[in-house]
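In: when you get a sec, could you give me coordinates for this:
(chains A and B)
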2 protein chains.
Amino acid sequence: MTTASTDPINIGLVGLGTVGAGTVNVLRRNQVEISRRAGREIRIRSAAVRDLKVPRDCVVDDLTLTSNPFDVTDDPEISLVVELVGGCHIAKEVVLRSLQQGKHVVTANKALIALHGNDIFQAAHERGLMVAFEAAVAGGISIIKVIREGLSGNRIDRIVGIINGTSNYILTLMLEEQYSFESALQEAQRKGFAETDPSFDVDGIDAGHKLAILAAIGFGIPLQFDRVHVEGISNVTLDDIQYAAELGYRIKHLGIAQRTPAGAELRTHACLTPVNALLANVSGEMNAILIEGDAVGPTLHYGAGAGAEPTASSVVADIVDVVRALTTDPGNRVPHLAFQPSALTELPLVPILEVDSANYLRLQVIDQPGVLADITRILGEMEISIEAIVQKGASQDGEAVPVIITTHRTLEQQIVDASMRIEALETVVAPITRIRIYPDGA
Amino acid sequence: MTTASTDPINIGLVGLGTVGAGTVNVLRRNQVEISRRAGREIRIRSAAVRDLKVPRDCVVDDLTLTSNPFDVTDDPEISLVVELVGGCHIAKEVVLRSLQQGKHVVTANKALIALHGNDIFQAAHERGLMVAFEAAVAGGISIIKVIREGLSGNRIDRIVGIINGTSNYILTLMLEEQYSFESALQEAQRKGFAETDPSFDVDGIDAGHKLAILAAIGFGIPLQFDRVHVEGISNVTLDDIQYAAELGYRIKHLGIAQRTPAGAELRTHACLTPVNALLANVSGEMNAILIEGDAVGPTLHYGAGAGAEPTASSVVADIVDVVRALTTDPGNRVPHLAFQPSALTELPLVPILEVDSANYLRLQVIDQPGVLADITRILGEMEISIEAIVQKGASQDGEAVPVIITTHRTLEQQIVDASMRIEALETVVAPITRIRIYPDGA
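Out: Okay, here's the model as predicted:
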């Protein structure tokens, strides 16, 4: 058992745009939780930016800013370089230079990994260094980790994913708002989901980069973007979407990698997807990936595929992975309960009676004048707000009928007390069935 | 950089029932892929069973079978013990004994972890050993890994899951087949989804164990099952399900752990869930877990929550995790592309023209006698089978109308050739729009 270092670890950023600023903000905001998980403090020492005068979406007071990326890659105090410049030219130089300098690398750069990953991993392997790239595919979804580690017992048979949020956002607007392709694209650009030159997204190239990465880790093959069949969505019209809907389908842009007796299929294109398939119900800019393994069967992983903080979520997870590997002895690389044993806290627990929920109530009542008035009066006195009240079925004289009530959110204690008072009414002839309604916003 | 051992690693199993046999079968069937991922061969050296005479659902010819679990835990050749007996009594003894003997442990035992995990992890931590338990929660879904590692940059705000497959199967039968609770339970028992004593499942205890584990790793709190509010589904009637449906909800049994200003809520109970929520669309014995983090937003993870091979998928992933940690230097614990760099293979890739798909075709045709006959004749000659053909809208004399055709699966080459022949018809006045239909079974 080696002794674990608990000194703070210094990292450097190259690139401080949307994802870079998101990474700084997440590391800063969740500093305590992250240190509890990683076992040591993570300090951002410096960041390289193209233009020192551009304002940033994060606080930079305590960072050294430089316009020279090699100030970061060559700093002997830095153990890990986070590459967030995008593109392939400078990014490749930054990553290879960092590795030459003996530093681990975290990157969100899908084009770089898809096109130059084989070289980069070779350089890292020769030096015993890590290059982590969870954020390169499907933003905040931990799909690299799930395939590389979570499904490592399986032969992966198929990977099917909505892996370009811009295309999915456009197709969703066309379906739900009857926008034309052109109007939907303009709206995506207005919202910041699509670049001024949208061809990487709508022509399927971005999805192709991601698919090349997924196929490599799923099937154990080299990265080979140039052999992915790439189509986008610019041929899909509003009519197609409506006719597909009449036939029971939604049109989605998918990346598909699957084994067949003849080999592996790698392709990205628009696809009619049955409305009851889980992937058909992934809307807007969200991503989702279906993985089929021979042991596990189908699994699906859903979340935000882009955006500052969802992408930063995966960048930070990669940083923590590297830090954990550098910190703990191999026999204990991830704390059993995610946080270090000495860092468990006694967060207070809420008793069930202090939980608040909306509720569904089913009552059996004798249908006679005044009964609903009695019930609503009790609920009103208990300050429980009614959302809907429906009497089911017509009653024979003096026979009991069901009454369904849904309430707005209320304390458990109040609804329990109210239920007891209602059950005490002579007209209520059976115990109330109460079922809580799904929490808002989930 | 330490030198990595590549000797085979010996493991021992305690318990060879459904999941044990599944684990043997998966390790055997995927032996080559798993070794490529783990970097060394994984050998099952022995298995302890209660009754040596009971037939097993796997080949056991090359295993040493014993009726004494301590033959496995105390074998100096074994580095890792897989505990699959279930329950808490013998299981706890086996796990603690294995740790005393300096062996890593993999377990699928949710009750053991929920009730005795704090002691077990303490014992493991003192000795620098791993206890892996991915299979204890949600079967084949890598939810422990996702929360512990994939979302380590987040403050986890909410975990909401369908984490008891038996309850979800019963509720699905009630909704879709109008079974009463009792009939649905009997059907679940007939299919092997529910135990003869179903109370662990339908009373919410099993879900409560899993929720205690999820809450601990999500929030960084100790395991505390005794403080989870546990309700099952035995109070849900067919009427409730139907009324809920009229209101736009499906009833699901959920485990909920969420932060509130007052602390953490931990509860399992039936819940009306809006039909358009992803969790409402998780049917049958499947599981799904929604995780909300402050950076990533909502993410959802879906898959089989039980069964021999889905559970074995997570057991084997845990074994591989341990083996990787023992094998590689810490700077390189997971191969970049999931498989060892020297083990990448050149799986042949299928050209797009050799892919087969069903297709959606949209044509613009002049509405005159014989036009559909011409089109269907060409498709027939190319051996493309038509699933549906629909003419949209009425035509003015000589005006073009859209015709929609869906085909059964066909080679890309055939549909491309057929499309060219159809486009050459004088009555077809515009290029055909073709969109592939979602692959079967996904």
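
In: got the contact list for the closest residue to A:Thr66 other than its chain neighbours?
Out: In space, and not counting its chain neighbours, A:Thr66 is closest to A:Ala48: 5.2 Å by Cβ to Cβ, 6 or more residues apart in numbering or on different chains. The C-beta positions use only the backbone N, C-alpha and C, and glycine is treated the same way. By Cβ atoms under 8 Å, 6 or more residues apart in numbering or on different chains, the contact list for A:Ala48 reads A:12-16, A:65-69, A:71-72.

In: centroid residue for chain A?
Out: Geometric centre of chain A, nearest residue: A:Gly303, 2.9 Å, by Cα atoms, centre = their mean.

In: hmm, back to that, from the contacts of A:Ala48, which would you call buried?
Out: Buried positions within these, assessed by neighbour count (16 or more other Cβ atoms under 10 Å in any protein chain shown), are A:12-16, A:66, A:69, A:71-72.

In: hmm, back to that, each with direction, which strands does the helix or strand harbouring the residue nearest to the centre of chain A pair with?
Out: Per DSSP states H and E, A:Gly303 falls inside strand A:297-304. Strand A:297-304 has these partner strands in its sheet, going by DSSP bridges: strand A:286-293 (antiparallel), strand B:297-304 (antiparallel).

In: can you pull the contacts of the residue nearest to A:Val202 when sequence neighbours are not counted?
Out: Leaving out its chain neighbours, the residue that sits closest to A:Val202 by Cβ to Cβ, 6+ apart is A:Gly232, at 4.8 Å. Contact analysis of A:Gly232 by Cβ under 8 Å, 6+ apart lists A:167, A:199, A:201-205, A:253, A:268-270.

In: next step: the residues you listed restricted to helices.
Out: A:167, A:199, A:201-202, A:205 (DSSP state H).

In: top of the residues you listed by neighbour count?
Out: Looking at the ones in helices among the contacts of A:Gly232 with neighbours defined as other Cβ atoms under 10 Å in any protein chain shown, the largest count falls to A:Ser167 at 32 neighbours.

In: ok, it - contacts?
Out: A:201-202, A:204, A:207, A:232-233, A:253.

In: look up how far A:His125 lies from it.
Out: 34 Å (Cβ to Cβ, to the nearest Å).

In: ditto for A:Val105
Out: From A:Val105 to A:His125 the distance is 13 Å (Cβ to Cβ).

In: of those two, which one has the most company?
Out: A:Val105 (26 against 18).

In: what does the closest residue to that one other than its chain neighbours show for phi and psi?
Out: With sequence-adjacent residues excluded and distances taken as Cβ to Cβ, 6+ apart, A:Val105 is closest to A:Val131, at 4.6 Å. When read as degrees, to the nearest 10, the backbone of A:Val131 gives phi -120, psi 110.

In: does chain B sit close to the longest helix seen in chain A?
Out: Ranked by residue count under DSSP H, the longest helix found in chain A is helix A:308-327. Yes - applying Cβ under 8 Å from any Cβ of the partner chain, one finds helix A:308-327 in contact with chain B at A:309-310, A:312-317, A:319-321, A:325-326.

In: now those residues: which count as buried?
Out: Buried members of the residues of helix A:308-327 next to chain B, scored by 16+ other Cβ under 10 Å, are A:309-310, A:312-317, A:319-321, A:325-326.

In: give me the number of residues near A:Arg190?
Out: Counted with other Cβ under 10 Å, the neighbours of A:Arg190 add up to 9.

In: ok, A:Glu93 next?
Out: If you count neighbours by other Cβ under 10 Å, A:Glu93 ends up with 16.
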